[in-house]
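Predicted model follows, preceded by the sequence.
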Amino acid sequence: MESSSAMVPFPLLTTPIESTYRPCTIPYRFASDSPRKATPAEVAWIDVFRKSIASFRKHAELDDSVSDAQARAAQFSERYGKILDDLQEDPESHGGPPDCVLLCRLREQCLREVGFKDIFKKVKEEENAKSLILFEQVVTLFDNTEDGGKRLENLIRGVFAGNIFDLGAAQLAEVFERDGLSFLASCENLLPRPWVIDDLETFKSSWMRKSWKKAVIFVDNSGADIVLGILPFARELLRRGTQVVLAANDLPSINDVTYSELVEIVSKVKEMKDGREYILGVDAKNLLIVNSGSDLPVIDLSYVSPELAYLSNDADLVVLEGMGRAIETNLYAQFKCDSLKLGMVKHPEVAEFLGGRLYDCVIKYTEVIP
């Protein structure tokens, strides 16, 4: 379902949104800080985004859909670098003070202003193709786990393993460029539990004693993340009778999957049998895909598409996946229904804030008791 209208608040947020919802998890400043002087946290996070420029510039230079890509990439690098310098000098410039939403938005704005629409398009296509080849093998591994609780744990581990594919994290972008990433190896090599936020046993207990009518899942990256992490998890929900709504970005941002890309991916894992659609034997009639309205790798749930809001009204489970949507934003978001936040910690600064380890995992589950 495509989006074409003005944005609205996500209807499952606890109200009043103005006083109960703040999208950004990590506070860069407090009320007592001088509005004209960058705080230590702002300086640190401006530096995190500054370090991402080299990787973004490299991908922009290779974008053959844009004429003069090298010159335009240099313009992007200079323009975004100057904005970061300005924010460090005057936090109230460029719509500041800065937070992760603003810093992401300004980066995307700079790319689009110089002519780049989707600098990660090729790598997304390559990783989607590789992951689709593995889809049946990975799902079969999950299906072969007879114990329901253990199968759920394996599915959650699969989500974490897939979430490693993140070209927005400078260190992971370097690793990916040098070595590639193996989904099955990543499943085996997750950091040992307990994770920095570890509600797996609580979620497992709910999973074993109840089912949900409708789940809305905010998806993250292309490749292994969506194909081998989220889709097997969504398929398991479908098998249990839950209607599943997958919410994906409107426009490209880093290697996040977009609505149109997700529609194409799902069409490739579906099969027709007797006039009905299935995903490896599971009826897919209750799987919906919707445009979230977002164009960033993080999400402010104050602004989502009307289509997503409409489909979400009667949901009783909200799932946010990925470091951007579930950790850097919305980790403390409160909902009117059960919620699950899943992601891997891929920035040292986030690990420090949470008191965990780099590449630690977050599974935060909140059950709303009627």
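Nice, thanks for sending it over.

pLDDT wise, what is the nearest residue to Arg239 once chain neighbours are set aside at?
By the measure of CB to CB, 6 or more residues apart in numbering, the closest residue to Arg239 outside its immediate chain neighbours is Val282, 4.8 Å from it. All C-beta atoms are positioned from the backbone trio N, CA, C, and that covers glycine. With respect to pLDDT, Val282 scores 98.

Give the residue spans of the stretch 101-250 of the chain that score low on pLDDT.
Along the stretch 101-250 of the chain, the model assigns pLDDT under 70 to residues 165-183.

redo that, cut-off 50
Filtered on pLDDT under 50, the stretch 101-250 of the chain yields the residue ranges 167-180.

What segments of it are strands?
With DSSP state E, counting those that start in this stretch, the ranges of strands along the stretch 101-250 of the chain come out as 197-198, 214-218, 243-248.

Of these, which is nearest Gln75?
With CB to CB as the criterion, Gln75 lies closest to strand 243-248 of the strands of the stretch 101-250 of the chain, at 29.1 Å.

Let's have the strands of the stretch 101-250 of the chain in TSV, adding distance to Gly343 and mean neighbour count.
TSV is the format used below for the strands of the stretch 101-250 of the chain (distance: least, CB to CB, whole Å; neighbours: other CB atoms under 10 Å):
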stretch	distance to Gly343	mean neighbour count
strand 197-198	9	18
strand 214-218	11	24
strand 243-248	16	24
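
Is it possible to get JSON lines of these that adds distance to Ile299?
What follows is the strands of the stretch 101-250 of the chain, written out as JSON lines (distance: least, CB to CB, whole Å):
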{"stretch": "strand 197-198", "distance to Ile299": "19"}
{"stretch": "strand 214-218", "distance to Ile299": "6"}
{"stretch": "strand 243-248", "distance to Ile299": "9"}
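
about what we covered before: count of residues packed around the residue nearest to Arg239?
Here the number of neighbours of Val282 (other CB atoms under 10 Å) works out to 18.

so who does it touch?
By CB atoms under 8 Å, 6 or more residues apart in numbering, the residues touching Val282 are Arg235, Leu238, Arg239.

Find the nearest non-adjacent residue to the second one, please.
Just to be clear, that refers to Leu238. Nearest in space to Leu238, with sequence neighbours left out and distances taken as CB to CB, 6+ apart, is Val282 at 5.3 Å.

Just grab the bridge partners of that neighbour for me.
Residues in a beta bridge with Val282, per DSSP bridges, are Ile279.

May I have stretch 51-59 as PDB, with CA atoms only?
Listed next in PDB are the C-alpha coordinates belonging to stretch 51-59 (Å, rounded to 0.1, in the frame of the first residue of the first chain):
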ATOM      1  CA  LYS A  51      33.100   9.400  10.300                       C
ATOM      2  CA  SER A  52      30.400   8.100   8.100                       C
ATOM      3  CA  ILE A  53      31.100  10.700   5.300                       C
ATOM      4  CA  ALA A  54      33.900   8.700   3.700                       C
ATOM      5  CA  SER A  55      31.900   5.600   3.200                       C
ATOM      6  CA  PHE A  56      28.900   7.500   1.900                       C
ATOM      7  CA  ARG A  57      31.100   9.500  -0.500                       C
ATOM      8  CA  LYS A  58      32.700   6.200  -1.800                       C
ATOM      9  CA  HIS A  59      29.300   4.800  -2.600                       C
END
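
List the buried residues of that stretch.
Taking 16 or more other CB atoms under 10 Å as the basis for neighbour counts, the residues of stretch 51-59 that come out buried are Ser52, Ile53, Ser55, Phe56, Arg57, His59.

do stretch 37-46 as well
Within stretch 37-46, the residues scored as buried using 16+ other CB under 10 Å are Ala38, Thr39, Ala41, Glu42, Trp45, Ile46.

Nearest to Val263 among these?
The shortest approach to Val263 among the buried residues of stretch 37-46 belongs to Trp45, at 34.1 Å (CB to CB).

Quick check, pLDDT for the spatially closest residue to the closest one that is not a sequence neighbour.
With sequence-adjacent residues excluded and distances taken as CB to CB, 6+ apart, Trp45 is closest to Tyr28, at 6.1 Å. pLDDT, the model's per-residue confidence, is 97 for Tyr28.

what does Met1 give?
On pLDDT, Met1 comes in at 52.

Checking the residue lying closest to Phe116 once chain neighbours are set aside next. Helix, strand or coil?
Distance criterion CB to CB, 6+ apart; nearest residue to Phe116, sequence neighbours excluded, is Ala60 at 5.4 Å. Following DSSP: H, G, I helix; E, B strand; the rest coil, the label given to Ala60 is helix.

Can you tell me, leaving aside adjacent residues, what's nearest to Asp90?
Beyond its immediate neighbours in the sequence, the residue positioned closest to Asp90 (CB to CB, 6+ apart) is Arg36, lying 6.6 Å away.

Name all residues that make contact with that neighbour.
Residues touching Arg36, when contacts are defined by CB under 8 Å, 6+ apart, comprise Asp90, Pro91, Glu92.

for the residue lying closest to Cys104 once chain neighbours are set aside, what are its contacts?
Closest residue to Cys104 in three dimensions, ignoring its sequence neighbours and counting by CB to CB, 6+ apart: Leu296, at 4.7 Å. Leu296 makes contact with Val101, Cys104, Arg105, Glu108, Asn249, Ser253, Gly324, according to CB under 8 Å, 6+ apart.

Check those residues and tell me the two furthest apart.
With distance counted by CB to CB, no two of those lie farther apart than Val101 and Asn249, which are 14.0 Å apart.

is it true that the residue nearest to Trp45 touches Pro97?
Yes. The pair formed by Tyr28 and Pro97 meets the contact definition of CB atoms under 8 Å, at 6.8 Å.
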